[in-house]
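> just coords:
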């Protein structure tokens, strides 16, 4: 995520169509109707995801710039999390916002795709919500109004696929607690407090459509989750353990496992069963084979049973589901094909490598 605020970019971004005499007319990128940015703004971006991050921020600014009363506009959902520097499932999220003065129906608009420095930036939707926000608190991030991360995550859970919702809730919890695996007791206490507050807010929405699902998403989120890949694994495990509420309740990220002088923190664990789930074993320690073998031998000697997941397996959720189900059953865990409120097959758009992280 870039550190410059949208306010810092104002001198570089052009409002209204540049004239033919504009000295940089041919290097300007059309972000939205009437809003252009010089290609040089993207010079810092070395990777495609960095280009997409900045493009998403500029899209949010473009919506604000086109609003007659920009002070009434508040961003929410994934774009609000991105503006606050938190991770999201989609790297090019829809631009979702509310306006305090809006009294009319607003149909979603398509924001055109971009191609910047060879990186494709997918088309997204510009969506104005008419629903009442769960809080009236508004923060400022990147010089625009945003809902607090926890409230933006609830909007995600209300409107988006449960995978996106769990990623958003975990991201908000991680940021709020400033989660540090070495101080997990503090982080878990703050996580529990924020979850209680979120659930209390949801109690005020009792009877609204989808609230029971949102509560499940909030309960499934985990402050120890550090990235979208881990969030995907957490979501899938919850779906595979629907028939075993006890196991679901024990799923935890970054659980501390001391073995002699060493300390280990697996991505996700079932501590009561001494089973851990991890991505790409060697990649987590920089490819050092000796460290990897020491870690693996320590955990096995301590009675822990690992189930490893290659990051590439996320591309085929059904195949991964089948394998995880078989692996867990071998270890006596009553896993079953994905089901429950949190389960919906991910759409092609959600799994599109050009849009997800």
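Yes, it's here. What you see is a predicted model, and the numbers here were worked out from it, not measured in a lab.

> okay, CA-based contacts and neighbour counts for the rest of this
Noted.

> Only the buried residues of stretch 288-297, if you could.
Buried residues in stretch 288-297, counted by 16 or more other Cα atoms under 10 Å: 292, 295-296.

> Narrow those residues to those in helices?
With helices taken from DSSP state H, the overlap with the buried residues of stretch 288-297 comprises 292, 295-296.

> Distance to residue 72 and pLDDT for the residues you listed - can I get that in TSV?
Formatted as TSV, those follow (distance: Cα to Cα, whole Å; pLDDT from 0 to 100):
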residue	distance to residue 72	pLDDT
292	53	81
295	53	89
296	54	89
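
> start to end distance for stretch 275-291?
End-to-end distance of stretch 275-291 (Cα to Cα, to the nearest Å): 20 Å.

> Okay, the residue nearest the centre of the chain and residue 319: tell me how far apart.
The centre of the chain sits closest to residue 88, judged by Cα atoms, centre = their mean, with a distance of 2.2 Å. For residue 88, the distance to residue 319 (Cα to Cα) stands at 24 Å.

> Kindly report the same for residue 333.
Distance from residue 333 to residue 319, counting by Cα to Cα: 19 Å.

> So for these two, which sits in the more crowded spot?
Set residue 333 next to residue 319 and count neighbours by other Cα atoms under 10 Å: residue 333 wins out with 17 against 11.

> Quick check, pLDDT for the more buried one.
Residue 333 is assigned 98 on the pLDDT scale.

> Would you mind giving the secondary structure of it?
Using DSSP: H, G, I helix; E, B strand; the rest coil, the structure places residue 333 in coil.

> again with the one 5 residues further on
On the three-state scheme (three-state DSSP), residue 338 is labelled coil.

> Repeat that for residue 277.
When classified by three-state DSSP, residue 277 comes out as strand.

> what's the neighbour count on it?
Neighbours of residue 277 (other Cα under 10 Å): 21.

> got the contact list for it?
Going by Cα atoms under 8 Å, 6 or more residues apart in numbering, residue 277 touches 266-269, 306-309.

> Hmm, residue 121 is touching residue 111, no?
No. Counting by Cα atoms under 8 Å, residue 121 stays clear of residue 111, with 10.4 Å between them.

> out of the two, which sits in the busier spot?
Shown here are residue 121 and residue 111; by other Cα under 10 Å, residue 121 has more neighbours (22 against 17).

> okay, that one: pLDDT?
On pLDDT, residue 121 comes in at 94.

> Backbone dihedrals for the spatially closest residue to residue 58 that is not a sequence neighbour, please?
Among residues not flanking residue 58 along the chain, residue 31 sits closest, at 7.0 Å (Cα to Cα, 6 or more residues apart in numbering). Dihedral pair for residue 31: phi -80, psi -40, per degrees, to the nearest 10.

> and the spatially closest residue to residue 147 that is not a sequence neighbour, what does it touch?
Excluding its sequence neighbours, the residue lying closest to residue 147 (Cα to Cα, 6+ apart) is residue 138, at 5.1 Å. Each residue near residue 138 by Cα under 8 Å, 6+ apart is listed here: 74, 145-148.

> which of those residues count as buried?
Judged by 16+ other Cα under 10 Å, buried ones among these: 74, 145-148.

> Distance check, the residue nearest to residue 58 against residue 198.
Going from residue 31 to residue 198 by Cα to Cα gives 35 Å.

> out of those two, which sits in the busier spot?
In this view residue 31 and residue 198 are compared by other Cα under 10 Å, and residue 31 has more residues nearby, 23 against 19.

> thinking the more buried one is in contact with residue 62, fair?
Yes. Taking Cα under 8 Å as the definition, residue 31 is a contact partner of residue 62 at 6.9 Å.

> which residues of this structure score low on pLDDT?
Along the chain, the parts satisfying pLDDT under 70 run over 1-26, 69-70, 101-106, 281-287.

> Past the longest helix seen in it, which element shows up next along the chain?
Counting residues, the longest helix found in the chain (DSSP H) is helix 184-203. Counting by DSSP states H and E, the next helix or strand C-terminal to helix 184-203 is helix 211-220.

> Which other helices and strands does that following helix contact?
The contact analysis (3 or more Cα pairs under 8 Å, 6 or more residues apart in numbering; DSSP states H and E) places helix 211-220 against helix 149-159, helix 162-177, helix 184-203, helix 228-240.

> Turn those helices into a markdown table, columns for distance to residue 45.
Listed next are the helices and strands packed on helix 211-220 as a markdown table, based on distance: least, Cα to Cα, whole Å:
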| stretch | distance to residue 45 |
| --- | --- |
| helix 149-159 | 25 |
| helix 162-177 | 23 |
| helix 184-203 | 33 |
| helix 228-240 | 21 |
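
> Buried deepest among the ones you listed, which one?
Among the helices and strands packed on helix 211-220, helix 162-177 has the highest mean neighbour count (mean count of other Cα atoms under 10 Å), at a mean of 27.
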